[in-house]
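Curious how this folds, go ahead:
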Amino acid sequence: MATVVTTINGRQFRLACEDGQEEHLRSLAAGIEQRINELRGKFGEIGDTRLTVMAALMVADELSEATTRVRRLEEELTALQDARVAAADRAKDASAAVVNAFNSAAERIEGITRKLNQTLGEGGGVAIG
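Purely as a prediction, here's the structure:
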């Protein structure tokens, strides 16, 4: 387990994290520090606890919005997957209809060819096909 020393709101904190997550933890701490500094710039010195709570609420709001966006994107993805399946089914049905139409046309052509051959055969002409 690794440790990171970071400063948030003027105070140093020694934080533990999984090995390899040190930079990520530093980045998260820097984000909190940045929010606190922005709030301090807007509202002045309103107390450490209040600044920290307000920064936490900002992060919670961003998380809530991101969660909502992810949920919407998952719904869109599901709808697109359903549409893709429906389109594939329609394409398969259309392909089967084309094959059936060609088979039917081929059978009719063969039937016409047989009739012509019979007619020509009775008249002594040349066979077709």
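
Restricting to C-alpha, output stretch 100-108 in CSV.
In CSV, the C-alpha atoms belonging to stretch 100-108 read as follows (Å, rounded to 0.1, in the frame of the first residue of the first chain):
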residue,chain,number,x,y,z
ASN,A,100,-37.8,-16.8,-52.8
ALA,A,101,-38.7,-14.4,-55.6
PHE,A,102,-35.6,-15.6,-57.7
ASN,A,103,-36.5,-19.3,-57.0
SER,A,104,-40.1,-18.7,-58.1
ALA,A,105,-39.0,-16.8,-61.2
ALA,A,106,-36.5,-19.6,-62.0
GLU,A,107,-39.3,-22.3,-61.6
ARG,A,108,-41.6,-20.3,-63.9
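
Name the residues that touch it?
Stretch 100-108 is contacted by no other residue when judged by CB atoms under 8 Å, 6 or more residues apart in numbering. Backbone N, C-alpha and C define where each C-beta goes, glycine included.

how about the closest residue to Leu15 other than its chain neighbours, secondary structure?
Counting by CB to CB, 6 or more residues apart in numbering, Val4 is the residue found nearest to Leu15 once chain neighbours are left out, at 5.1 Å. Three-state call for Val4 (DSSP: H, G, I helix; E, B strand; the rest coil): strand.

Let me see the contact set for Val4.
14-15, 17, 22, 25-26, 29.

Just the buried ones from those, in ChimeraX syntax?
A single ChimeraX command selects the buried members of the contacts of Val4 (16 or more other CB atoms under 10 Å):
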select :17,25,29
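
Filter the contacts of Val4 down to just the ones in helices.
22, 25-26, 29 (DSSP state H).

and which of those is nearest Lys92?
Leu25 (51.5 Å; CB to CB).

Surely the closest one and Glu18 touch.
No - judged on CB atoms under 8 Å, Leu25 makes no contact with Glu18 at a distance of 9.1 Å.

And the strands in the protein?
2-8, 11-17 (DSSP state E).

okay, the ones you listed in TSV with distance to Ser104 next?
Output for the strands of the chain, formatted as TSV (distance: least, CB to CB, whole Å):
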stretch	distance to Ser104
strand 2-8	73
strand 11-17	70
